[in-house]
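Novice: Build me a model:
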Amino acid sequence: MGANMKTRLDKAICPWWNGPCLFEVLDAIEVPPRDPNGPLR
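Specialist: Now for the predicted structure:
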């Protein structure tokens with residue numbers, strides 16, 4: 001898998017980046033509640 005996707009990068013590899021990896025960002029997204037009986041669109 002690509003760099004900084006599943007696990008954070010080591011500071012020795014990329015010292016300027018101190019943010020989360022891609023999967024951490026995706027897991028942190030809050031999905032708004034939806035009405036299962038509501039319209040599709």
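
Novice: so where's the chain uncertain?
Specialist: Judged against pLDDT under 70, the chain has no low-scoring part.

Novice: if you go through it in chain order, where are the helices?
Specialist: Secondary structure of the chain by DSSP state H: the helices cover 22-28.

Novice: most remote residue from it's center?
Specialist: When distances are taken from the C-alpha mean of the chain, Asn37 lies farthest, 28.8 Å away, according to CA atoms, centre = their mean.

Novice: first to last residue in stretch 24-40, what's the distance?
Specialist: Start and end residues of stretch 24-40 are separated by 29 Å (CA to CA, to the nearest Å).

Novice: whoops, stretch 3-14 was the one
Specialist: 10 Å.

Novice: buried residues in that stretch?
Specialist: Residues of stretch 3-14 classed as buried by neighbour count (16 or more other CB atoms under 10 Å): Asn4. Quick note: C-beta positions are derived from backbone N, CA and C, even for glycine.

Novice: re the thing from before, how about the contacts made by the residue farthest from the centre of the chain?
Specialist: If you count contacts by CB atoms under 8 Å, 6 or more residues apart in numbering, Asn37 has none.

Novice: and stretch 10-30, how far from the chain's centre?
Specialist: Chain-centre distance of stretch 10-30: 8 Å, with CA atoms, centre = their mean, to the nearest Å.

Novice: Check which residues of that stretch are buried.
Specialist: Under the neighbour-count criterion of 16+ other CB under 10 Å, stretch 10-30 has Cys21 buried.

Novice: Just confirm Met5 contacts Leu22, I think it does.
Specialist: Yes. With contacts defined as CB atoms under 8 Å, Met5 counts as touching Leu22 at a distance of 4.6 Å.

Novice: need the contact list for the nearest residue to Ile13 once chain neighbours are set aside.
Specialist: Nearest residue to Ile13, sequence neighbours excluded (CB to CB, 6 or more residues apart in numbering): Ala3, at 7.5 Å. Neighbouring residues of Ala3 by CB under 8 Å, 6+ apart: Leu9, Ile13, Cys14.
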